[in-house]
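J.: What shape does this take:
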Amino acid sequence: MKTKYLALSILSALTVLPAWANVVYTWHTLVPSTSIASFASQIVVSDAAYSSGSASVNFSCFMGPCPAGSNDGVLSISYSANGENIVLENPASAVPQFGVRIDQIAFDFTNVGFLRGNLFFNTGSDDITISSAGNVWTINALNSDNEGSACFRTAHCGDITGYYETDFFSVPEPMPLPLMSLGLISLLGLRRLKRG
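T.: As a prediction, this is how the structure comes out:
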């Protein structure tokens with residue numbers, strides 16, 4: 001009898017598991033650049049965007065404040081170039097004060113494990129332009145208004161090639177509704193066993 005209750009407890013615990021998790025793509029350099037000694041990057045997308053096969057953001061704000069734009073699944077983009085770290089959380093989020101921000105992003109997830117597409121964003125002090133041909137990405141331009149940066153204003157930084165790959169392959173977990181149904185059927189079966 002105790003094993004039946006244990007089995008039911010396990011089944012009911014499975015019903016609260018999330019069906020997916022966010023997908024993280026990490027940069028791998030193929031051909032380094034003389035202008036950028038080190039480059040690292042991560043892109044995080046939602047499970048829903050990954051499942052749909054694509055994600056895009058098209059947002060422009062000049063002079064602010066600006067309301068949020070549309071974003072269908074790009075959660076964050078971060079990169080580190082020559083020791084300077086830039087993180088763009090929630091692209092197309094509202095710009096609450098005077099400022100410039102441009103987020104133009106198009107990602108394709110149809111080649112399992114690899115990211116394709118193009119990316120441009122300008123935070124007002126930093127901007128990056130990257131595009132892919134198949135799985136291979138090229139950093140076309142990387143600039144910063146932060147004095148002391150190796151990519152400060154007029155310096156041309158770019159010409160790195162690499163690829164974005166994920167270590168996580170989305171695999172569906174057991175879905176809540178079928179598991180709850182199985183749990184209810186088991187309870188009804190136990191009830192009949194007790195009567196009989």
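J.: where in the chain is pLDDT low?
T.: Across the chain, the ranges flagged by pLDDT under 70 are 1-20, 153-155, 168-184, 187-191, 193, 196.
J.: So which residues of it form helices?
T.: 2-14, 47-52, 176-195 (DSSP state H).
J.: Buried ones in the second one, by neighbour count?
T.: Same thing as helix 47-52. The neighbour-count check on helix 47-52 (16 or more other CB atoms under 10 Å) flags D47, A49, Y50 as buried. Bear in mind the C-beta positions are built from the backbone N, C-alpha and C, glycine included.
J.: Return the closest of those residues with respect to C157.
T.: Closest to C157 out of the buried residues of helix 47-52 is A49 (28.9 Å), distances taken as CB to CB.
J.: and the nearest residue to that closest one once chain neighbours are set aside, how many neighbours?
T.: In this structure, A49 finds its nearest non-sequential neighbour in G73, 2.4 Å apart by CB to CB, 6 or more residues apart in numbering. When neighbours are counted by other CB atoms under 10 Å, G73 registers 23.
J.: G73 against V44, yeah?
T.: No: using CB atoms under 8 Å as the test, G73 is too far from V44 to be in contact (9.7 Å).
J.: Quickly list what the closest residue to A40 other than its chain neighbours is bridged to.
T.: Distance criterion CB to CB, 6+ apart; nearest residue to A40, sequence neighbours excluded, is S80 at 4.6 Å. Beta-bridge partners for S80, by DSSP bridges, are A40, N85.
J.: Quick check: S80 vs G53, distance?
T.: 29 Å (CB to CB, to the nearest Å).
J.: neighbour count winner among those two?
T.: Neighbours per residue, other CB under 10 Å: of S80 and G53, the larger number sits with S80, 15 against 10.
J.: Quick check, the more buried one in contact with I36.
T.: No: S80 is beyond contact range of I36, at 10.1 Å (criterion: CB under 8 Å).
J.: Quick one: residues contacting H156.
T.: S35, A141 (CB atoms under 8 Å, 6 or more residues apart in numbering).
J.: What distance do you get for it to D126?
T.: 15 Å.
J.: What of N90?
T.: In terms of CB to CB, N90 sits 16 Å off from D126.
J.: same thing with V136?
T.: 24 Å.
J.: For the two, work out which one has more neighbours and name it.
T.: Between V136 and D126, D126 has the larger neighbour count (other CB under 10 Å), namely 19 against 14.
J.: follow-up on the earlier one: what residues are up against the residue nearest to A40?
T.: Contacts of S80 (CB under 8 Å, 6+ apart): S38, F39, A40, S41, I86.
J.: In CSV: those, plus neighbour count.
T.: Shown next, in CSV, are those (neighbours: other CB atoms under 10 Å):
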residue, neighbour count
S38, 12
F39, 19
A40, 14
S41, 22
I86, 19
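J.: Considering those residues, which is situated nearest to E147?
T.: I86 (15.4 Å).
J.: so who does that closest one touch?
T.: Applying CB under 8 Å, 6+ apart, the residues contacting I86 are S78, Y79, S80, T123, D126, I128.
J.: Taking those residues, tell me the two that lie furthest apart.
T.: S80 and T123 (14.7 Å).
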